[in-house]
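J.: Let's see this in three dimensions:
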Amino acid sequence: MNTTKIIQKYYNRNDLAYSILVAHSKQVAQKALYLAENNPGLNLDLVFIEEAAMLHDIGIFMTNAPRIGCFGEYPYLCHGYLGAELLRKEGYLKHALVCERHTGVGLSVETIRREKLPLPEKEMVPVSNEEQLICFADKFFSKNHPEFEKSLEHIRHEIIKYGKGASLRFEEWCNMFLVS
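T.: Residues are numbered from 1 along each chain as shown. Predicted coordinates for the structure are as follows:
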């Protein structure tokens, strides 16, 4: 798989959205690969992790996020499932699941209904170890402030506002990937 070609199919290399997407995705991929390599007992698929991390945010161009050069019609929250639809059309079903399931620490159908989120009513919580790892690695980086990696304390502070379940899932990942 050539992730650059897939991204360039949907993004102009000269646009802000492209440069932000690629830079962010590289950060997430590097973090995820570092964590995977330091957890050999999990027997993670490194090739898949790199590919899926590079493509996890491919749907951002369809959202309305002008600060990062995206001028689509959907709310930013929709970028995961929109990216998943793109990757399914490309034939990358497993990679599509990463797109769909990486938002926040994952979104349950119960949360989607309760919060009346503009998303399909389906489970969008990371399942495989690779999905969980990419979702976890993504929390360390922001597209709005790509110059620094967030601390665990910063991430915990962000996640707590999404409830105890989200915080517990993040802490499970800290333990799973030996991050403290």
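J.: which ones are touching the residue nearest in space to the middle of the chain?
T.: Per CA atoms, centre = their mean, the C-alpha nearest to the average position across the chain is that of His102, at 4.1 Å. Taking CB atoms under 8 Å, 6 or more residues apart in numbering as the contact definition, His102 lies against 56, 80, 126, 131, 134-135, 138. (Glycine included, C-beta is placed from N, CA and C.)
J.: Pull up the gap between it and Thr63, please.
T.: 14 Å (CB to CB, to the nearest Å).
J.: which element is the closest residue in space to Asp45 that isn't next to it in sequence on?
T.: Distance criterion CB to CB, 6 or more residues apart in numbering; nearest residue to Asp45, sequence neighbours excluded, is Glu130 at 5.8 Å. Using DSSP states H and E, Glu130 maps to helix 129-138.
J.: And the next helix or strand past that helix?
T.: helix 152-160.
J.: In that following helix, which residues are buried?
T.: Within helix 152-160, the residues scored as buried using 16 or more other CB atoms under 10 Å are 155, 159.
J.: repeat for stretch 143-153
T.: Lys143.
J.: got a list of contacts for it?
T.: Under CB under 8 Å, 6+ apart, the answer for stretch 143-153 is 20-21, 23-24, 27, 31, 57, 60, 67-68, 139-142, 158, 174, 179-180.
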